[in-house]
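Enquirer: Just a sequence and a predicted model for now, questions to come.
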Amino acid sequence: MLEVWKWANLTLAFVMELVAFAALGLWGWKTADTTPVKVVSAVGVPLLAALAWGLFAAPNATFDHPLLAIVTKVVVFGGAAVGLWAVGYRPIAVVFVIVLVANLLAIRLGHLTV
């Protein structure tokens, strides 16, 4: 049962990362004025976030430094939540933050690795 709990929480953590990238893309689309800028923002912002994630926050990050990982996670997840809030998806932003915090607590309290 513990193994199922571990993998469920790690899977949810991965899904939350994907949701964060999607939220950043949505924010990029909704805040830009013209269609070309919308496309560049909707693709570019999540791409930059994913690049930063891979460099600093991923389990096998290129630069393995705890402070860089924390800052990257705060910027990506915080940016996603603020972006959702800013474009009018306030209930989704609140649910995103609640699920994120619960998942992170479950991972830390269960001593799982992310």
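Expert: Great, that's in hand. All figures in this text were calculated on a predicted structure; none of them were measured in a lab. Numbering: from 1, shown residues only.
Enquirer: could you dump stretch 53-67 to CSV, C-alpha only?
Expert: Extracted C-alpha coordinates of stretch 53-67, given in CSV (Å, rounded to 0.1, in the frame of the first residue of the first chain):
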residue,chain,number,x,y,z
TRP,A,53,12.8,23.2,-14.8
GLY,A,54,15.1,20.8,-16.6
LEU,A,55,18.2,22.8,-15.8
PHE,A,56,17.5,23.5,-12.1
ALA,A,57,14.4,21.6,-10.7
ALA,A,58,14.1,18.2,-12.3
PRO,A,59,15.2,15.1,-10.4
ASN,A,60,18.3,14.8,-12.8
ALA,A,61,18.8,18.5,-13.2
THR,A,62,21.8,19.8,-15.1
PHE,A,63,22.7,22.1,-12.2
ASP,A,64,22.0,20.3,-9.0
HIS,A,65,21.7,23.0,-6.4
PRO,A,66,18.9,23.0,-3.8
LEU,A,67,18.4,26.8,-3.7
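Enquirer: Just to check, Asn9 is in contact with Ile107?
Expert: Yes. Between Asn9 and Ile107 there is a contact at 5.3 Å, judged by C-beta atoms under 8 Å. C-betas here are computed from N, CA, C, even on glycine.
Enquirer: which of the two has more neighbours?
Expert: Of the pair Asn9 and Ile107, Asn9 is the one with more neighbours under other C-beta atoms under 10 Å, namely 21 against 17.
Enquirer: ok, that one - contacts?
Expert: Going by C-beta atoms under 8 Å, 6 or more residues apart in numbering, Asn9 touches 103, 106-107, 110, 112.
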